[in-house]
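Peer 1: I'd like to go over a predicted model; first the sequence, then the structure.
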Amino acid sequence: MLKKLELSERQVRKNKLQPALIFELIKSTVDTLKANRMASHLCEIANVSTYGYYNHLNSRDTRQSKEEHDLKPKEVIVKAIKYKNKPKGSRQVKMIVENVFGIIMNRKCIQRIMRKYGVKCKVRKANPYRRMMKATREHTVVPNKLNREFKQEVAGKALLTV
């Protein structure tokens, strides 16, 4: 157990863990050792505030209720993404959720839930023909080198502007 604590403590000191994970680590340590007075010392070692630790413990119920509240919209968002098997971003997902499923949902809420649960849309592939068209430059505008001076001294000089 001490080796696990030392490894996680090293990660905490290097600031590689998020505060929520640090608070859970402190909570598990306090519970296993049954030492409630050690929490402030562990918070000091982890460079987090004791207020933040106790606030995290007290807000566990609200976090759980928000998690349960986000599960139903997640299912609707996944259904909207799978609708007609075409790639969609958050704006199209919002339109499908409103028009097909009849649920009014904010686009930022949709983005937050997608980010939270790792739901990603398919990214559209680049069109290879567009790249070929740019390479051939078939329909590009060329610079004006004649400046409407069509009569030149040398015959056949003003046939092309390239």
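Peer 2: Structure's in. What do you need?

Peer 1: contact partners of stretch 115-126?
Peer 2: The contact list for stretch 115-126 (C-beta atoms under 8 Å, 6 or more residues apart in numbering) reads Asp70, Lys74, Ile77, Val78, Ile81, Pro87, Lys88, Gly89, Ser90, Val93, Ile113, Met114. Just so you know, the C-beta spots here come from the backbone N, C-alpha and C atoms, and that holds for glycine as well.

Peer 1: Which one of the residues you listed sits in the busiest neighbourhood?
Peer 2: Top of the contacts of stretch 115-126 by neighbour number is Ile77, holding 27 neighbours under the definition other C-beta atoms under 10 Å.

Peer 1: Quick one: residues contacting it.
Peer 2: By C-beta under 8 Å, 6+ apart, Ile77 lies in contact with Val93, Val97, Ile110, Ile113, Met114, Val119.

Peer 1: run the last query once more with 6 Å
Peer 2: Ile110, Ile113 (C-beta atoms under 6 Å, 6 or more residues apart in numbering).

Peer 1: now swap in Lys86 and tell me
Peer 2: Per C-beta under 6 Å, 6+ apart, neighbours of Lys86: none.

Peer 1: ok so, going back, which two of the contacts of stretch 115-126 have the greatest separation?
Peer 2: Across these, the longest distance by C-beta to C-beta is 23.3 Å; it joins Asp70 and Pro87.
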